[in-house]
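Q: using only what follows, build the 3D model:
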Amino acid sequence: MSFDSFNPAPLKPRLRLFVIQVLVFSLMFTLLARLWYMQVMSSDDYSQAATQNHTREVLVPAPRGTIVDAAGRTLVGNRVSLVITVDRSVLAKLPDGQQQVVLARLAKVLGQKPKDLTARTMLCGEPGASKPPACWNGTPYQPIPVAKDVSEQVAIEVMERREDFPGVAAESQTLRAYPAPYKVNAAHILGYLSPITTSELDELDKAGQDSVPHRSDLVGRAGVERTYDQLLRGTPGVKNVIVDAVGYTTGLKSQTAPVPGSTLMTSIDARIQASVEAQLRGAIMTARKQYDKITHRNYVADSGAAVVMDTKTGQIVAMASYPSYDPGVWVGGISQRELDALYSTKAGTPLVSRAIQGQLAPGSTFKPITTAASFANGYGPKTRLDCSSYFEVGDRRFKNYESASYGMIGFDQALAISCDTFFYRIAYALWLKEGGNSGDITAADPMVQMAKSFGLGRPTGIDLPGEVSGRIADRKWKKEYYDAQKDYYCKLADNPPAGTSAFLKQFSREFCEDGYRYRAGDAVNFAIGQGDTTVTPLQMATAYSALSNGGKLWEPRVAKAVIGPNGKVRPVPSKLAGRLPVPASTLRYIDRSLKETAKTGTAAWKFNGFPLDQVPVRVKTGTAEVYGKQTTSWMASYTDRYAVVMMISQAGTGSGASGTAVRHIYETLYNVKPPVAPTEKKVDR
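A: Prediction:
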């Protein structure tokens, strides 16, 4: 056979078959090797991944630290409650319309209206959601509590019918509790909690902190709950649970324990706090039964506040505001109806703390400050001025209270009987010396400077949120107010609406013309705590504490110590804000004068029978007149250890409305047994 006759064609099919066989065996080998690797070498990794497909990370809130009074009595604690929660992520997976069916079914079991229950599960900001905190203002990653303190029967019914309640769970949760020793309220001091918000979690992320451990946190929103939130909150634990297709827990994979929050010891004495609350409320209720001869109706007595401060340390022993509210209303979520009541003006806006947020003219309680300023500017113990029935400035008469006249007197008697015209004369003389009606806002004003030295016109620095600054109505403020209100009053002067009072018409005309000028009337009103100057009860308590302790102006404190989870105690130190620029001799003179107020002056009829020789109480009463309203009652006082200030809006005179209550507070402070039938000779101012 020749070479040309050889045909290689039969080899090609065999070669192709061989190649295919090699490829098939190679693929099979690779597949088997991969399967072996996955099942043997990587079984743990894939087992973990598979488990993660049906596990959920649940945060275990840390037990929040308790809040106790100075004697260790619990003011805010914790209790365990059966809570029904709704998981939005599970409900979102249900078919259209099924979500509302589940919520309606749950509402029937819980005895709620479906509309109200749905509102609780809506995120704040969603279309149709209620205002926060009635809506869910927390993170959407956590189940939402919709009912607290449910019975075991309800919890069992929900858990046994899982197919009817997907995403619904019954669990034990720790809620805030208020034991109320001595029936104390202290809502404005303690504050309340609400869930942490998504925006707050975002802020944690931006700050480089891990936000995940905080998704279930309740955050302090007011009072010491807010100020000391980080210390009270603790560190939550993390629990990885195994869940079924419906979202219910079937097992536990891993868990880290939470770290409890610290205990906050306050300077509040629950016994004193309860007494102050009761006396404030009692004084307001009594005032509402009294007839106002000026307005020809009973006193409104719409609100009030009282403060008891330790003058040696600046610590708050008690602080009350009326009206108040039940702090427990926030526990487990608050309804829109309950929230509306807290903001209701008809109910007196109970959320407002009048002690640190109420801004009112101080009336005659301002006169010790005027005295200190006068002594620094040419006046002294030997000064004698006429306490006439009125003092005339231009064509206007500034009357003494009830037009009383006492002749030539000194500062001591002027303070004790609260003579207005005495201080009018001083204010007018200093006003002339400062430039009078020049309109120069840079003119020196010794009374304004002294008021600022006593801490007025700025927050005291108390460790509670929301404190306001009050206002010193000096030349600078009047110019700023004029610039802001000129257009309004000029328009009112040109075209007054029907029914505008003659006073308002005249005021508008004068204001429009040169309302920026600091007139003599402004100066004399300033000297007796009238006009546009406003203070808070806490500011006055701080100022009178400085009179008591020799001139130290403290930053008030509610926190006394922090006790860590390990039992370590860390005291919260007192902080000195400044010292009064007042000589010790002047302070002693004011001190002696204010003692006379309780013995022979405007407060004497309320302190008859009180052991003033054993517990010397220094008092200054105040009756602040407010345009369009009834007078505000003030009583500012102190001993060598405590300052007690009470204010009641639209309640009458200082001693008339607040005197008895302040006396009873001192009886509680010093364990003084009240006389059986005290005789009261009224000297009402």
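
Q: what is the strand ranked longest in the chain packed up against?
A: Across the chain, the strand with the greatest residue count (assigned by DSSP state E) is strand 74-86. In terms of contacts (3 or more CB pairs under 8 Å, 6 or more residues apart in numbering; DSSP states H and E), strand 74-86 is packed against strand 67-68, helix 98-110, strand 144-147, helix 152-160, strand 168-177. (Each C-beta comes from the backbone N, C-alpha and C, glycine too.)

Q: can you map out the helices along the stretch 451-600 of the chain?
A: For the stretch 451-600 of the chain, helices defined by DSSP state H, counting those that start in this stretch occupy the ranges 475-494, 502-514, 520-527, 537-549, 584-599.

Q: just name the most buried of those.
A: Of the helices of the stretch 451-600 of the chain, the one with the most neighbours on average (mean count of other CB atoms under 10 Å) is helix 537-549, at a mean of 27.

Q: from the chain's centroid, how far away is that helix?
A: Between the centre of helix 537-549 and the centre of its chain there are 20 Å (CA atoms, centre = their mean, to the nearest Å).

Q: give me the angle between it and helix 584-599.
A: If you take axes from the mean of the first three to the mean of the last three CA atoms, to 10 degrees, helix 537-549 sits at 110 degrees to helix 584-599.

Q: for helix 537-549, the averaged confidence score.
A: The average pLDDT for helix 537-549 rounds to 98.

Q: what of stretch 312-328?
A: 97.

Q: same question, stretch 493-502
A: 88.

Q: first to last residue in that stretch, what's the distance?
A: 11 Å (CA to CA, to the nearest Å).

Q: now swap in stretch 64-77 and tell me
A: Span of stretch 64-77 from end to end, CA to CA: 8 Å.

Q: partner strands of the longest strand of the chain and their direction?
A: Sheet pairing for strand 74-86, assigned by DSSP bridges, gives strand 67-68 (antiparallel), strand 144-147 (antiparallel), strand 168-177 (antiparallel).

Q: so where does residue 14 fall, helix or strand?
A: helix 11-36 (DSSP states H and E).

Q: tell me where the stretch 151-300 of the chain has strands.
A: 168-177, 193-195, 218-220, 237-243, 249-256, 263-266, 291-292, 297-298 (DSSP state E, counting those that start in this stretch).

Q: any chance of those strands in TSV with mean neighbour count and distance to residue 336 as columns?
A: Formatted as TSV, the strands of the stretch 151-300 of the chain follow (neighbours: other CB atoms under 10 Å; distance: least, CB to CB, whole Å):
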stretch	mean neighbour count	distance to residue 336
strand 168-177	18	20
strand 193-195	22	14
strand 218-220	21	20
strand 237-243	16	32
strand 249-256	12	32
strand 263-266	24	31
strand 291-292	13	37
strand 297-298	12	33
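
Q: related to what we said a few turns ago, mind putting the helices of the stretch 451-600 of the chain into TSV with distance to residue 628?
A: TSV is the format used below for the helices of the stretch 451-600 of the chain (distance: least, CB to CB, whole Å):
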stretch	distance to residue 628
helix 475-494	15
helix 502-514	10
helix 520-527	16
helix 537-549	22
helix 584-599	29
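
Q: dump stretch 637-656 to PDB, keeping only the CA atoms.
A: This file holds the C-alpha atoms of stretch 637-656, laid out as PDB (Å, rounded to 0.1, in the frame of the first residue of the first chain):
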ATOM      1  CA  SER A 637     -37.400  84.200 102.200                       C
ATOM      2  CA  TYR A 638     -34.400  82.500 103.800                       C
ATOM      3  CA  THR A 639     -32.900  81.300 107.100                       C
ATOM      4  CA  ASP A 640     -29.300  80.500 107.800                       C
ATOM      5  CA  ARG A 641     -29.700  77.200 105.900                       C
ATOM      6  CA  TYR A 642     -32.600  77.300 103.500                       C
ATOM      7  CA  ALA A 643     -34.100  79.700 100.900                       C
ATOM      8  CA  VAL A 644     -37.800  79.300 100.300                       C
ATOM      9  CA  VAL A 645     -39.500  81.100  97.400                       C
ATOM     10  CA  MET A 646     -43.100  80.800  96.300                       C
ATOM     11  CA  MET A 647     -44.800  82.500  93.300                       C
ATOM     12  CA  ILE A 648     -48.500  82.200  92.400                       C
ATOM     13  CA  SER A 649     -49.800  83.900  89.200                       C
ATOM     14  CA  GLN A 650     -53.000  85.900  89.500                       C
ATOM     15  CA  ALA A 651     -53.500  85.200  93.200                       C
ATOM     16  CA  GLY A 652     -53.300  88.500  95.000                       C
ATOM     17  CA  THR A 653     -50.800  89.800  97.500                       C
ATOM     18  CA  GLY A 654     -47.500  88.300  98.500                       C
ATOM     19  CA  SER A 655     -48.300  87.500 102.100                       C
ATOM     20  CA  GLY A 656     -52.000  87.000 101.400                       C
END
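
Q: any idea how far it is from the middle of the chain?
A: Distance of stretch 637-656 from the chain centroid (CA atoms, centre = their mean) equals 22 Å.

Q: so for it, what gets flagged as buried?
A: 637-639, 641-656 (16 or more other CB atoms under 10 Å).

Q: filter the residues you listed down to the ones in helices?
A: Mapping the buried residues of stretch 637-656 onto helices (DSSP state H) picks out 654, 655, 656.

Q: out of these, which comes closest to residue 62?
A: The closest of these to residue 62 turns out to be residue 654 (CB to CB; 48.0 Å).

Q: neighbours around the spatially closest residue to that closest one that is not a sequence neighbour, how many?
A: Distance criterion CB to CB, 6 or more residues apart in numbering; nearest residue to residue 654, sequence neighbours excluded, is residue 621 at 3.2 Å. Using other CB atoms under 10 Å, residue 621 has 31 neighbouring residues.

Q: now swap in residue 459 and tell me
A: When neighbours are counted by other CB under 10 Å, residue 459 registers 16.

Q: still on that earlier bit, out of the helices of the stretch 451-600 of the chain, which is closest to residue 617?
A: It's helix 584-599; of those, that one is closest to residue 617 (CB to CB) at 4.9 Å.

Q: same for that closest one, what does it pack against?
A: helix 367-375, helix 411-417, helix 537-549, strand 618-624.
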